[in-house]
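[1] The sequence isn't on hand, but the structure is:
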């Protein structure tokens, strides 16, 4: 703990702030303990009004008792104030921002399906955004835009919207952790993320294409299909995935929470497998519907298999192959150990 706190303190350097400050932190779906960062900030900011858990449209989390010394509130996407309209998206943010003079976002910079990387302004713009803001930002037309790419910041219209929404909400600073560098970065949210991205090696080369890939899913992402499926879609929709057509994408995770709590995602998966209708006609709506759209896109080329699942029948009911058994590692073509921040790419 002390070593981590020293790293965050080093990133903050001589920064101080005496005004009314709101701090945002990620929820349990992100593999980061925000407590050391909160302590480092509290030493330099004397008037922290609220610490908002950036749930976005996710369900509330159980707050650890170790966080009790901070004024923690969990985000409610239905109790927000309006900010500005950005590219047709009505901006809104948690109402505690109206009572603050500035805000700071604590987060982790991982690869992200639409935003290129998580972090930067995203902890405020999405984590603390209103329901309509988040829904319109994740509309099918936006997430399927050709410029929206994993690992890409520049020229990515999704990231551009996030940055403008974050600025409109009053986010002035980001304190982001980069797992690749095992280092914290602090400053202007856009500059922080660009610095991390420029120093990150998000891809590594392999010299062949594989018919099967197994993903190591961290505990923070292994509770639901909504979270765990990101590993498969991140690789499948990366610039040069090392996959033959029809390759099997193996996800090994307990998925104790089933599909997840995002009702739009759950409802969309009730469409006939492989959900190709989600890509045309009326777009699916509701929390998490965009993840179902991306799964449908991936399933047009590849097959997803689930291993180590507590209740495989739940997933078989929507057409997915699922088993309680562990993945047969001796049979898989390629193991991807860190699918959320480093992915293999085919150099052929």
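    Received, thanks. Fair warning: this is a prediction, and the values are worked out from it, not measured in the lab.
[2] from here on, contacts and neighbour counts on C-alpha atoms
    Fine.
[3] All the helices of this protein, residue numbers only.
    Under the criterion DSSP state H, the chain contains helices at 2-12, 35-42, 122-125, 131-137, 140-143, 157-168, 189-199, 225-236, 263-268, 289-299, 312-316.
[4] what sits against residue 121?
    By C-alpha atoms under 8 Å, 6 or more residues apart in numbering, the contact list for residue 121 reads 105, 162, 163, 165, 166, 167, 171, 174, 189, 190.
[5] Rebuild those residues as a markdown table, extending it with pLDDT.
    Converted to a markdown table, the contacts of residue 121 look like this (pLDDT from 0 to 100):
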| residue | pLDDT |
| --- | --- |
| 105 | 98 |
| 162 | 98 |
| 163 | 98 |
| 165 | 98 |
| 166 | 97 |
| 167 | 97 |
| 171 | 96 |
| 174 | 97 |
| 189 | 98 |
| 190 | 97 |
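[6] Between the residues you listed, which sits nearest residue 275?
    residue 162 (27.9 Å; C-alpha to C-alpha).
[7] Output the below-cut-off pLDDT ranges for this structure.
    1-7, 9 (pLDDT under 70).
[8] Quick check: longest strand in this protein by residues?
    Secondary structure of the chain per DSSP state E: the longest strand is strand 243-252.
[9] what does that one rub up against?
    By C-alpha under 8 Å, 6+ apart, strand 243-252 touches 209-217, 228-229, 231-232, 236, 301-309, 326-327.
[10] tilt between that strand and helix 289-299?
    Calculated by axes from the mean of the first three to the mean of the last three C-alpha atoms, to 10 degrees, strand 243-252 forms an angle of 130 degrees with helix 289-299.
[11] Which neighbours in the sheet does strand 243-252 have, and how are they oriented?
    Sheet partners assigned to strand 243-252 using DSSP bridges are listed as strand 210-216 (parallel), strand 303-307 (parallel).
[12] quick one: contacts of the last one?
    If you take C-alpha under 8 Å, 6+ apart as the criterion, strand 303-307 is touched by 232, 246-254, 320-327.
[13] do that again at 7 Å, thanks
    By C-alpha atoms under 7 Å, 6 or more residues apart in numbering, the surrounding residues in contact with strand 303-307 are 246-253, 320-327.
[14] Closest one of these to residue 289?
    residue 320 (17.4 Å).
[15] all strands of the stretch 1-150 of the chain, in order?
    21-26, 48-54, 72-74, 80-86, 89-94, 102-108, 111-112, 116-117 (DSSP state E, counting those that start in this stretch).
[16] Which among the ones you listed is found nearest to residue 147?
    Once these are compared by C-alpha to C-alpha, strand 116-117 is nearest, at 10.2 Å.
[17] Figure out how far that closest one is from the centre of its chain.
    9 Å (C-alpha atoms, centre = their mean, to the nearest Å).
[18] how far away is residue 23 from residue 39?
    12 Å (C-alpha to C-alpha, to the nearest Å).
[19] So the two - more neighbours on which side?
    Each of residue 23 and residue 39 has its neighbours counted (other C-alpha atoms under 10 Å); residue 23 has more, 27 against 16.
[20] didn't that one look like it was pressed against residue 49?
    No. At 8.2 Å, residue 23 and residue 49 do not qualify as touching, with contact defined as C-alpha atoms under 7 Å.
[21] Spell out which residues make up each domain of the protein.
    2-199, 203-346 (automatic domain parsing).
[22] Next up, the contacts around the residue lying closest to residue 124 once chain neighbours are set aside.
    Leaving aside its chain neighbours, residue 124 sits nearest to residue 166 (5.8 Å; criterion: C-alpha to C-alpha, 6 or more residues apart in numbering). Residue 166 sits next to 121, 122, 124, 125 when contact means C-alpha under 7 Å, 6+ apart.
[23] 10 Å instead, please
    Residues near residue 166 by C-alpha atoms under 10 Å, 6 or more residues apart in numbering: 83, 91-93, 103, 105, 120-126, 128-129, 160, 172, 189-190.
[24] Likewise for residue 266?
    Counting by C-alpha under 10 Å, 6+ apart, residue 266 has contacts 225, 226, 258, 259, 260, 286, 287, 288, 289, 291, 292.
[25] What separation do you get for it and residue 334?
    30 Å.
[26] same question, residue 40
    Residue 40 is 40 Å from residue 334, by C-alpha to C-alpha.
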